[in-house]
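[1] Have a look; sequence and predicted model below, questions after that.
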Amino acid sequence: MTVHKDGTPIYDIVMETSFKGLAEELKKLKLDGRKVCIVTDSNVASLYLDEVESIAAGCCKQTECFIFPAGEENKNLDTVRSLYEALINMQFDRHDWLLALGGGVVGDLCGFTAATYLRGISFIQVPTTLLSQVDSSIGGKTGVDFDAYKNMVGAFHMPKLVYTNIGTLKTLSDEQFSSGMGEVLKHGLIKDSSYYDWLIDHAEEIQNRDLNILEETVRISNQIKKDVVEKDPTEQGERALLNLGHTLGHAIEKLSDFQLVHGHCVGLGCIAAMAISVKRGMIEEGELSRLISVMKQFHMPVTVGGLLTDDIIETTKSDKKMDSGTIRFILLDQIGKACVDKTVTAEEMAEGLNYILTLA
C-alpha cells in the first residue's frame, strides 16, 4: 500500500514472507552510486544482517553496517552520536542512505539520525518485530529517549520505503510478540471494532504465528495507521488517537526503568483508559472485562507491581503530549471510536490505575 501526504505518494509499504523481494524494491529507489549504512542491533544482526547486506550490496555502490547493543536503554543521544561519528568517518553525504533493520528501537533511532544528519538524508525501514511492523515503522515519527523520558527528542521524517518481511515474526521472542499485540489491539480499539472482534476470533492462529493470519493482521493495522497518518501527518489532531494507552503506559515504562516492554505498558495504559471511560459512562464495564480477558489470552500482563499511583501521575506531567499544561488523554466513546479529552483529572487517573496496580 502507498502512504500519501497532501495527496502526493510518499512511500510504499511492501509486505512479503521473506526478503526475496527486497532487491526489486531497493532498485526502484535508484541507489546506484549511493552508499547505504544498515543500522541494526546486536540481536537482529545475528539473524538477518548478512542476508540484508548481501541484497543491498547488489543495489548500491557500497554498504556499511552500524550495530549497537539491543535494548531500549540504548535508544539515546549517546548512540546517535556514535552513529553520527561513524557516518562522518565513512564520508556519508546527503545523497547517501540509511536502512533501519530491526524493531522499534532501531527504527526510531535510525530515523532520527536520518532526519538530523546533514539536515536530513533518506532512509528505509525494514521492521522485524510485530510492534514495528504494525505501528512504529509507519508514519515518520522518529526519536530517542532523553534521561529516561520516552521519545522526548525527535522529528517527523518519512521513510522512502517500508519493507515488511512477515517471516521474521517466526524468530521473535514470546515477550516481544505479545508486546506487539499491545499496539495491534489498540488499533482495533480506536478505529475498527470489527477488526478487534476478528483479532479475538483468530487469537489461536495469531498465537501459533500462522503467517497468513499474521499477514492479514499487519495489513489491517497498517491500513488503519496509514489512514490516520494521511489525515494528520504531524499529530495536530486525529493522529493523537494513536496514543491510546500511551500517557500512563509511557509513565509506567519509565518508572520500571524500561524493564517492561513498550507494548505491555501500552496495554496496561489501555486498561486504565478504558476504566476511566467506564466510570464516565462512555462504555459498558463488560468491555473492560473483555479487554482484560483478551490481553491474558495474548499473554500480556494485566497488572503491574512495585509502582505508586502518585509517581505515575507525576511522571505523566513530563509527557511530550502535554498541551499548555494539560494532558491530551485518549478515551473510548465506544469500541472502535476513540476521542481526545483534556479534562481527565488526577483523581480519575488514580481510579484507572487501581485496575492495574498491585501491592506486590
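    Cool, the structure landed. Predicted model only: the values in this text are computed from it and were never measured.

[2] can we go C-alpha only for contacts and neighbour counts from here?
    OK.

[3] Tell me the confidence at the residue nearest the centre of the chain?
    Nearest to the geometric centre of the chain sits S136, at 2.9 Å (Cα atoms, centre = their mean). Here the pLDDT value assigned to S136 is 94.

[4] same check, this time on the one 4 residues further on
    G140 is assigned 93 on the pLDDT scale.

[5] follow-up on the earlier one: not counting sequence-adjacent ones, nearest residue to the residue nearest to the centre of the chain?
    G104 (5.8 Å; Cα to Cα, 6 or more residues apart in numbering).

[6] what's the burial count for that neighbour?
    Neighbouring residues of G104 were enumerated by other Cα atoms under 10 Å; the total is 25.

[7] got a list of what it touches?
    127, 129, 131-132, 136-137 (Cα atoms under 8 Å, 6 or more residues apart in numbering).

[8] Counting only strands, which of these make the cut?
    Among the contacts of G104, DSSP state E puts P127 in strands.

[9] and the residue nearest to S136, what pLDDT?
    Per-residue confidence (pLDDT) for G104: 95.

[10] and what of A148?
    Here, the pLDDT recorded for A148 equals 74.

[11] And I88, by the same measure?
    For I88, pLDDT reads 98.

[12] Wasn't it part of a strand?
    No: looking at I88 with DSSP: H, G, I helix; E, B strand; the rest coil, it is helix, so not inside a strand.

[13] Going by residue numbers, what spans are helices in the stretch 51-200 of the chain?
    With DSSP state H, counting those that start in this stretch, the ranges of helices along the stretch 51-200 of the chain come out as 77-89, 104-116, 130-131, 174-191, 193-201.

[14] follow-up on the earlier one: tell me who's in contact with the residue nearest to the centre of the chain.
    Applying Cα under 8 Å, 6+ apart, we find S136 in contact with 104, 107-108.

[15] and it, how far is that from T129?
    10 Å (Cα to Cα, to the nearest Å).

[16] The helix or strand containing I224: what's the following helix or strand?
    Assessed by DSSP states H and E, I224 sits inside helix 211-231. Using DSSP H and E, the helix or strand that directly follows helix 211-231 along the chain is helix 246-255.

[17] for the nearest residue to F92 once chain neighbours are set aside, phi and psi?
    Computed as Cα to Cα, 6+ apart, the closest residue to F92 that is not its neighbour in sequence is K35, at 7.1 Å. Per-residue torsions, K35: phi -90, psi 150 (degrees, to the nearest 10).

[18] Of the helices of the stretch 51-200 of the chain, which is nearest M295?
    Closest to M295 of the helices of the stretch 51-200 of the chain, according to Cα to Cα: helix 174-191, at 8.1 Å.

[19] Off-centre distance for that closest one?
    For helix 174-191, the separation from the chain centroid amounts to 10 Å (computed by Cα atoms, centre = their mean, to the nearest Å).

[20] what angle sits between it and helix 211-231?
    Here helix 174-191 runs at an angle of 50 degrees relative to helix 211-231 (axes from the mean of the first three to the mean of the last three Cα atoms, to 10 degrees).

[21] contact partners of helix 174-191?
    So helix 174-191 is contacted by 129-132, 134-135, 169, 194-196, 199, 217, 221, 224-225, 241-242, 244-245, 261-264, 266-267, 270, 298-300, 332, 335-338 (Cα under 8 Å, 6+ apart).

[22] and the residue nearest to F92, how many neighbours?
    23.

[23] swap in D41?
    When neighbours are counted by other Cα under 10 Å, D41 registers 21.

[24] Identify the bridge partners of it.
    Here D41 sits in beta bridges with F68, going by DSSP bridges.

[25] pretty sure it is touching I67, no?
    Yes: using Cα atoms under 8 Å, D41 makes contact with I67 at a distance of 5.0 Å.
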